[in-house]
Structure formats: C-alpha cells, structure tokens
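**Student:** Have a look at this prediction, sequence included:
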Amino acid sequence: MIKIGIVGNESSVYIERIVFTLLSLTNLKVITVSAEDYIEKKSALLSEDAVIIVNINSVGINIVEKFNILILNAENNYIYQNQIVSLQDSVDYLILDADQLEVINHFDSVRANLITCGFNQKACITTSSIISSEYETILVCIQRAFRSINNKYIDQQEFSVDIMPFGDNNIFNILSAIACVLICGVKIESISE
C-alpha cells in the first residue's frame with residue numbers, strides 16, 4: 001500500500017485528478033478519499049492493497065499520519081507555516097513548488113526525500129516548453145535524479161507528456177502529479193503515452 005497526501009485548497013483537486021488518471025493507467029488499484037472520509041474509514045482503507053490518495057484540506061490537516069508521499073500546494077502559506085512543518089518527519093517523499101522560495105525555506109532540515117517542481121532553475125523537475133492545443137504538450141525535464149518507492153533509479157532526462165487541460169491546471173499541479181507517479185514506480189513510457 002502507498003499513501004499519498006495532497007495538501008491545498010482548490011488546486012489539490014486537480015493534482016488528485018491527474019495523479020488518479022496516471023496511476024489508473026497501470027495495474028495499481030487507486031482509491032481517492034477526503035481527509036474526513038479517511039479518518040472515518042481508515043481501518044477498511046488500510047486493509048486494501050491499493051494506492052490511497054488523501055485530499056487533505058485545511059479542515060483535515062490535523063491528521064497525524066504517515067504518508068509515503070506528501071504534495072504541498074503553495075496556494076495557502078498559512079497551512080505550511082502553522083501545521084505542515086510538523087508532519088515532515090512522518091513523510092518519505094515531500095513534493096514542493098520550487099517557485100515558492102519562502103515555503104521551501106520552512107523545510108531546510110527536512111528528513112524526507114525532497115522533490116521540487118516548477119520553473120525554478122534548481123527544481124528537481126521542471127519544464128522547458130509547453131505547447132497548448134487540444135492537449136497541452138509539456139516537455140518534462142528531470143534535472144536531479146531520485147529513487148522511486150521501489151528503489152528504482154530515475155535518472156536525469158527529458159520526455160514529453162500530453163495532458164488534457166481541465167480546470168485550474170498550472171505547471172506545479174502537472175509536474176507534482178508526474179513526480180508523484182514516478183515515485184510510485186510508474187514508468188516514464190506509461191506517462192508519455
């Protein structure tokens with residue numbers, strides 16, 4: 001079982017949809033729940049052999065839980081500064097927006113594998129071009145290698161991804177979702193198709 005937490009408000013729904021869609025292309029069973037439903041149905045969910053995606057909003061942020069992957073959306077700095085910093089020790093992978101430097105500074109001493117996404121030159125995962133048409137074609141650049149949950153090495157490389165635009169997609173939503181599924185062990189070829 002892999003547990004993914006997505007923290008944010010409106011944009012967390014879009015990240016959740018992209019992660020769910022990409023993971024559904026594999027043979028993994030994927031379950032999405034709100035933080036409230038997770039708390040209510042925790043024992044049943046934990047018995048599943050699945051990837052569980054928990055959409056943590058400001059109401060459900062007080063979950064003291066071990067997540068394999070935690071995606072922090074920078075849209076609400078209050079959440080970061082006052083509640084999330086204490087969760088960093090119970091996370092294996094932490095995905096942050098590299099373009100929100102004031103947020104990244106709160107995680108200087110993080111013990112988790114830190115994966116940054118965005119336009120920042122120092123981001124672990126960035127993009128060099130975006131072509132908008134019926135689909136958005138994004139050239140994804142992995143600038144710093146990292147390991148997946150199953151200990152597979154994800155080397156520096158570039159690959160293109162076609163994403164159907166919906167809602168408030170921004171580059172962080174897309175790149176953080178791609179980082180998340182790569183960490184889960186999804187092959188780049190599956191994402192690119």
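**Tutor:** Perfect, thanks for sending it. Numbering: from 1, shown residues only.
**Student:** Roughly how far does L46 sit from N55?
**Tutor:** Counting by C-beta to C-beta, to the nearest Å, the gap between L46 and N55 amounts to 17 Å. Quick note: C-beta positions are derived from backbone N, CA and C, even for glycine.
**Student:** which one of these two has more residues nearby?
**Tutor:** Set L46 next to N55 and count neighbours by other C-beta atoms under 10 Å: N55 wins out with 21 against 12.
**Student:** got a list of what that one touches?
**Tutor:** Applying C-beta atoms under 8 Å, 6 or more residues apart in numbering, we find N55 in contact with I6, S12, V13, E16, T32, V33, S34, A35.
**Student:** tell me which element it falls in.
**Tutor:** strand 51-56 (DSSP states H and E).
**Student:** between the next helix or strand after that strand and strand 51-56, how big is the angle?
**Tutor:** Going down the chain from strand 51-56, the next helix or strand is strand 67-72, by DSSP H and E. Calculated by axes from the mean of the first three to the mean of the last three C-alpha atoms, to 10 degrees, strand 67-72 forms an angle of 40 degrees with strand 51-56.
**Student:** List the neighbouring strands of strand 67-72 plus their orientation.
**Tutor:** strand 2-7 (parallel), strand 91-97 (parallel) (DSSP bridges).
**Student:** Check the ones you listed for me and report the most buried one.
**Tutor:** Stretch with highest mean neighbour count among those: strand 2-7 (a mean of 25; mean count of other C-beta atoms under 10 Å).
**Student:** A35 is in contact with V54, isn't it?
**Tutor:** Yes. Applying C-beta atoms under 8 Å as the test, A35 and V54 come out as touching, 5.9 Å apart.
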